[in-house]
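Q: sequence first, predicted coordinates after that:
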Amino acid sequence: MPRPIRNRGFFSTEVRGLEAALAEFERYSSDVQTNVKDVVADSASKISTNAKSKVAVDQGETKNSIKPIVFNEGYSATIGPRLPKGWKAHWIEFGTNPRYTKKKGKMWNGIRYTKGKIAYTGEMPAMPFLSPAFEEEKPGYISDLRKAMRDPL
């Protein structure tokens, strides 16, 4: 402990219970971290389940490929269709523009193409499933996260 030197304005102080306070702060910090990780994992799971219920396709490939992945030591998560089974999820979520094709004198899907003609082959409207699931969970996630930060014990 430094000695007070009066002519230089140097003073000595002593804090009682500093070790206990630091240990309590560390415990508080650990509890908050655990609570935040639990909130992230729980919300990721809820978004995944909700997105699976919203997929508007008959096939189960896209639905079964939606999975949450928690990373960054539990502080972050991504939820979405995983490859290889989720390869067409972006078309379902966002839709497609009108599509045209040009084939000379061939038959394709019951459409006869003649020389130089371009045929309209359709478009797919957007049928979002992941965005609505996220938006539905967002208010609950934010309130749970605030509670986890405020009430660690």
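A: Arrived safely. The model shown is predicted, which means the values in this text are computed figures rather than measured ones.

Q: what does stretch 49-67 contact?
A: 48, 79-83, 85-86, 88-89, 92, 127-130, 132-134, 136-137 (C-beta atoms under 8 Å, 6 or more residues apart in numbering). Quick note: C-beta positions are derived from backbone N, CA and C, even for glycine.

Q: okay, how far is it across that stretch, tip to tip?
A: For stretch 49-67, the first-to-last residue distance is 9 Å (C-alpha to C-alpha, to the nearest Å).

Q: list the buried residues of it.
A: Going by neighbour count (16 or more other C-beta atoms under 10 Å), the buried part of stretch 49-67 is 50-52, 54-55, 62-63, 65-66.

Q: low-confidence bits of this protein, can you list those?
A: The model of the chain has pLDDT under 70 over residues 1-15, 18, 22, 25, 28, 58-59, 101-120, 151-153.

Q: hey, which helix is longest across this structure?
A: Determined from DSSP state H, the single longest helix within the chain is helix 18-54.
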